[in-house]
Structures are given as C-alpha cells and as structure tokens.
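Student: Turn this into a structure:
(one chain, ligands or ions: 2)
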Amino acid sequence: MPGLTATAPPFPDDVPVCSLPVIDYELLKRWDRQEVYNLWVAATELGFWYLKNHGVDCEVNGMFDMGAETLDLPLEEKMRYEQGDNGDSFGYKAKGTIQTDANGTRDNVEFLNIAQDDTLTWPKPTHRTYPSTVNARMGSTIIPFVRKSIEVNMTMLAIFEGQLGLPRGELLRLHSLDGPSGGEARCIKTPPNQSTAGVGAHTDFGTLTFLHNRLGGLQVMPPGSQRWLYIRPLPGHAVCNIGDALSIFSGGILRSALHRVMPPPGTQSRFERYSVAFFTRPRNSVVLRHLGHGSDMIARAVAKAPEGEFDTGTTSAEWVARRIRKLRLKNRQGPETWYASLGTEHIATGRRTLAGGA
Ligand SMILES: O=C(O)CCC(=O)C(=O)O
Ligand SMILES: [Fe+2]
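Tutor: Ligands and ions are numbered 1, 2, ... in the order given. Sure, this is the predicted structure:
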C-alpha cells in the first residue's frame, strides 16, 4: 500500500519498547546545565535519545517526499547511481545487495545516500551526481536539511567535547568542513509485508546519527542486555544515536549501541516504511583512535580497556569503506565476511565473540 504512510495505524501498545530519554534541543543550544547532564546520561548509558524542538521538521518532511519520489523511479534509472561493491556509500543502494546476518540473509530495503560534501559544493559535485528528483530538490530541501542537521549534530558534539574534558575544538576539528568526509543524508524504503530484517544488526559507522521515523521497526539492544526493544516513533521527535567513531574517540565512554530495522510492528507492517537520516562522520583522513592525550577522563577509560581496543589504525574513510564492502553480498565468502563487516558491536553487546576477531 504505497503512499499511505500518513494514514498508517498507530504504533501498537503490546510490543516491548525502549523508553528513550527526551532531550530538548532548545535547552541544549543554551547549554542548560540540567539538559546537558540529561544528554550526557543518555549518551553514556544507552547511546540513544529522542531530540525535540530541533527545528528541522519542514526539511524532514521534504526529505520524506524527495526520498519517495526518487525511490519510486524505475529501477533501471536508479541503477545508474548504484553504490557498487567497492565500499562506496554515496548513491543508490538496491534491494537485496547486502547481508543482514552471518548466514548471508539478503536485505529487503533500498536506499539513497546523498553526500554532505555534494550538497555543500552544489551544483559542483565533490563525489558524484544524483537522479533528477534529487537535483530538483537540492536547493529547496536537501541543502537546508543537511545544513541544519550539521548544526544540530555539531551542537551536541561541542557539548560532548566539553563533558569529556577535551580542549576546546579538539573533537569539532575532526569534523570540520574543510576536507572530504563520509557525512551523508539517507532515505530508506522498506516494502510492506516483510518478515525478515530490513537492516541487520549494526552499530553506526560514524559520529552521530540524526534519524526521523514515522513507522516503527527500529529496534535497539541496550548495552549490556541481550533483548531487542522497539523505538516508538514520536511525532516531531528525532532519534539520535552515537556511532562507532565517537565511541572510539571517547574511549568507549559514549556508547555506540547495536540496532536494526525489523518490519513495522502490528498492523503497521502492511505499510511501506520510509525513514530519513543524517549521519555526521569524521573527515576522511582522521584516524579512528581515542583522544586520551587530550582528556584525563578518556585516558582513564582507555587504561581499563583491553590493549588496542580504541585504536583502530584505520582512517574514517577506510573504516566506512571496509564495513560497506564486507556487507555487500557480492563480496561474501562465508560467515567470516559478515564478521569482517562489524565495527564496535562486540563492545556494544559485551560479547567479544560476536566480532570474531574482526
Ligand atoms: O530506518 C531506521 O529507522 C534506521 C536505519 C539505520 O539504522 C541506518 O541506516 O543506519
Ligand atoms: Fe543505523
């Protein structure tokens, strides 16, 4: 039943949900002490929170429309922009091209990734070009969405920088806009009536994710638990979460929680599901390692962790490319390819074996 998202039934009351803390962006912008503390608790305990009063609602609605227009284009047209099997993220990801678990189960979602850099240099492409439906909405919707999302994420990043005891600018400069990065906007489409995971269990690759959901389906496994809990979409509330890069920079103090996308619960499952996200990622050349040299708090956390836990020896660009490349089914050579796609999942779950030494 495409196009009926607006009239979809409510999220059911009889499924297990994770009650995320609600953080008020208006208060965060003023560095309200209590709200900064609430954000810190959310980021260090669960790694997920709702964000209200973020001021991006209009642009988010436009992104849902743009995503639907683009993902409704004929497959042949979309395939001209496919991301391919080399670990590139930007462009179109066709349905059934990535694995969702160690058994190699095919995914059933398609998505569109638009590079932050391409929006900032528009109309000159930095990385690549996009379908006409994207170009048509660049000025009215996508550029404002990306700019506002960057501002929201950088505001939260500045707060984390202060709370972690880092020198001013130390964390922000790893995300400055003066070099290429993997930052991107994404629209995901899941067909109705599915029974398997749309997006398999994963931790996000980058720094911070700013996500917008209308239908359920997103599930989180709270750190230290083995239980999947739904995140209930709340109108006007974004869902924010910490990704691997920020968890690594902070020596694991900020949590990158495991999550996945399942079919929407209850009667919502009969509807097509769209989601819109913005991912802040470090500049490509930044090496993912802890910032313990600039913060006693981080240095103490790192000292308690196994040797090398927060020093990946890879750049942000290599980290993202490896994870995508290993997820692509064309590159699968058995269960070990799935394990090689993982990031900090073993830390997120406390199960070292999940990462299989990857
Ligand atoms: O669609 C969603 O709700 C979440 C998608 C997600 O986790 C991702 O794209 O990394
Ligand atoms: Fe994710």
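
Student: what's the longest helix in the protein?
Tutor: Across the chain, the longest stretch assigned as helix under DSSP state H is helix 143-163.

Student: got the contact list for the residue lying closest to residue 163 once chain neighbours are set aside?
Tutor: Setting aside the residues directly before and after it, residue 163 is nearest to residue 40 in space (Cβ to Cβ, 6 or more residues apart in numbering), at 5.2 Å. No exception for glycine: its C-beta is placed from N, CA and C like everyone else's. By Cβ atoms under 8 Å, 6 or more residues apart in numbering, the contact set of residue 40 is 159-160, 163.

Student: With distance to ligand 1 and neighbour count as new columns, can those be given to me in CSV?
Tutor: Output for these, formatted as CSV (distance: Cβ to the nearest ligand atom, whole Å; neighbours: other Cβ atoms under 10 Å):
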residue, distance to ligand 1, neighbour count
159, 22, 18
160, 20, 24
163, 25, 19
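
Student: okay, residue 3: pLDDT?
Tutor: At residue 3, the predicted lDDT confidence score is 46.

Student: cool, and the one 3 residues further on?
Tutor: If you check residue 6, the pLDDT there is 54.

Student: Quick check: the closest residue to ligand 1 within the stretch 101-250 of the chain vs residue 231, distance?
Tutor: Nearest residue of the stretch 101-250 of the chain to ligand 1: residue 218, at 3.7 Å (Cβ to the nearest ligand atom). Residue 218 sits 5 Å away from residue 231, going by Cβ to Cβ, to the nearest Å.

Student: Mutual contacts of those two, please.
Tutor: In contact with both residue 218 and residue 231: 239, 259, using Cβ under 8 Å, 6+ apart.

Student: Please find the angle between the direction vectors of the host helix or strand of the residue nearest to residue 163 and helix 143-163.
Tutor: Secondary structure assigned from DSSP states H and E places residue 40 in helix 33-45. Following axes from the mean of the first three to the mean of the last three Cα atoms, to 10 degrees, one obtains 90 degrees for the angle between helix 33-45 and helix 143-163.

Student: and helix 33-45, what's its mean pLDDT?
Tutor: Averaged across helix 33-45, pLDDT comes to 98.

Student: Could you give me the buried positions within that helix?
Tutor: Of the residues in helix 33-45, those buried under the neighbour-count criterion (16 or more other Cβ atoms under 10 Å) are 35-36, 38-40, 42-44.

Student: backbone phi and psi for residue 78, please?
Tutor: Taking degrees, to the nearest 10, you get phi -60, psi -40 for the backbone angles of residue 78.

Student: distance of the closest residue to it other than its chain neighbours from residue 348?
Tutor: Once flanking residues are discounted, residue 78 sits nearest to residue 92: 4.7 Å by Cβ to Cβ, 6+ apart. As judged by Cβ to Cβ, residue 92 and residue 348 stand 29 Å apart.

Student: Those two: who's more crowded?
Tutor: residue 348 (29 against 23; other Cβ atoms under 10 Å).

Student: how about that one, what does it touch?
Tutor: So residue 348 contacts 47, 203, 221, 223, 255-258 (Cβ under 8 Å, 6+ apart).

Student: which of those residues has the weakest pLDDT?
Tutor: Ranked by pLDDT, the contacts of residue 348 bottom out at residue 223 (88).

Student: For stretch 272-291, buried residues please.
Tutor: In terms of neighbour count (16+ other Cβ under 10 Å), stretch 272-291 has its buried residues at 272-284, 286, 288-291.

Student: so how far is the first residue of that stretch from its last?
Tutor: One end of stretch 272-291 sits 42 Å from the other (Cα to Cα, to the nearest Å).

Student: again with stretch 229-249
Tutor: With Cα to Cα as the measure, stretch 229-249 spans 27 Å from end to end.

Student: what do you get for stretch 17-29?
Tutor: 29 Å.

Student: what about that stretch, near ligand 1?
Tutor: No: counting by Cβ under 6 Å from any ligand atom, ligand 1 is not contacted by stretch 17-29; separation bottoms out at 13.0 Å.

Student: What is the nearest of the contacts of residue 40 to residue 117?
Tutor: Nearest to residue 117 among the contacts of residue 40 is residue 160, at 23.1 Å by Cβ to Cβ.

Student: any chance you could map the strands in the stretch 101-250 of the chain?
Tutor: Using DSSP state E, counting those that start in this stretch, the strands of the stretch 101-250 of the chain run over 110-115, 184-190, 199-202, 208-213, 218-221, 229-230, 238-242.

Student: Using CSV, lay out the ones you listed together with mean neighbour count.
Tutor: Listed next are those as CSV, based on neighbours: other Cβ atoms under 10 Å:
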stretch, mean neighbour count
strand 110-115, 25
strand 184-190, 24
strand 199-202, 20
strand 208-213, 24
strand 218-221, 22
strand 229-230, 18
strand 238-242, 26
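
Student: what's near enough to touch residue 236?
Tutor: By Cβ under 8 Å, 6+ apart, the contact set of residue 236 is 52, 57.

Student: any idea how far residue 313 is from it?
Tutor: Distance of residue 236 to residue 313, computed by Cβ to Cβ: 42 Å.

Student: Excluding covalently adjacent residues, which one is nearest to the residue in the stretch 251-358 of the chain that ligand 1 sits nearest to?
Tutor: When scored by Cβ to the nearest ligand atom, the stretch 251-358 of the chain has residue 275 as its residue closest to ligand 1, at 3.3 Å. Of all residues not flanking residue 275 in the chain, residue 188 sits nearest, at 4.8 Å (Cβ to Cβ, 6+ apart).
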